[in-house]
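Trainee: What follows is a protein structure lacking sequence information:
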């Protein structure tokens, strides 16, 4: 089985970036302990002359041992609660989110 590389990007609602960062940071410790989690790092965008700027200023850089591990992560109560409260609920902190998954293998 091949590893799964995940980029989960978040665009905070106006004035909510710091609050969103703190909520997401709280997800790190338990996620890192999950079976199959190889990397789970929350990052913030920086300005740099070699980089373009994105509207998605907060992102998780994740590596999972396999697709099953990543799927199990998405079923964790605190991950489901985050998406319900902050992404799906109109009163949440997230204006938009993009989650993409990659592999280092050939086409699947």
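Mentor: Everything's here; your move. Predicted model, so just to flag it, every value in this text is computed and none were measured.
Trainee: use CA for all of it now, contacts and neighbours both
Mentor: Fine.
Trainee: for this structure, which spans come out with low pLDDT?
Mentor: Scanning the chain for pLDDT under 70 picks out 1, 107-108.
Trainee: what are the ranges of the helices in it?
Mentor: 17-25, 28-33, 67-74, 77-82 (DSSP state H).
Trainee: Could you dump those into CSV and include mean neighbour count and distance to residue 44?
Mentor: Shown next, in CSV, are those (neighbours: other Cα atoms under 10 Å; distance: least, Cα to Cα, whole Å):
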stretch, mean neighbour count, distance to residue 44
helix 17-25, 15, 8
helix 28-33, 14, 14
helix 67-74, 16, 22
helix 77-82, 14, 18
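Trainee: looking at these, which is closest to residue 99?
Mentor: helix 67-74 (11.4 Å; Cα to Cα).
Trainee: Just give the number of residues close to residue 45.
Mentor: Close neighbours of residue 45, defined as other Cα atoms under 10 Å, add up to 14.
Trainee: dump the residue contacts of it.
Mentor: Residues near residue 45 by Cα atoms under 8 Å, 6 or more residues apart in numbering: 53, 56-58.
Trainee: for the residues you listed, which one is nearest residue 26?
Mentor: Among those, and counting by Cα to Cα, the member closest to residue 26 is residue 58, at 13.8 Å.
Trainee: Once you drop chain neighbours, what's closest to that closest one?
Mentor: Leaving aside its chain neighbours, residue 58 sits nearest to residue 44 (4.6 Å; criterion: Cα to Cα, 6 or more residues apart in numbering).
Trainee: What is the nearest of the contacts of residue 45 to residue 20?
Mentor: residue 58 (8.6 Å).
Trainee: quick one: the closest one and residue 16 touch, right?
Mentor: No. With contact taken as Cα atoms under 8 Å, residue 58 and residue 16 are classed as non-touching, separated by 11.5 Å.
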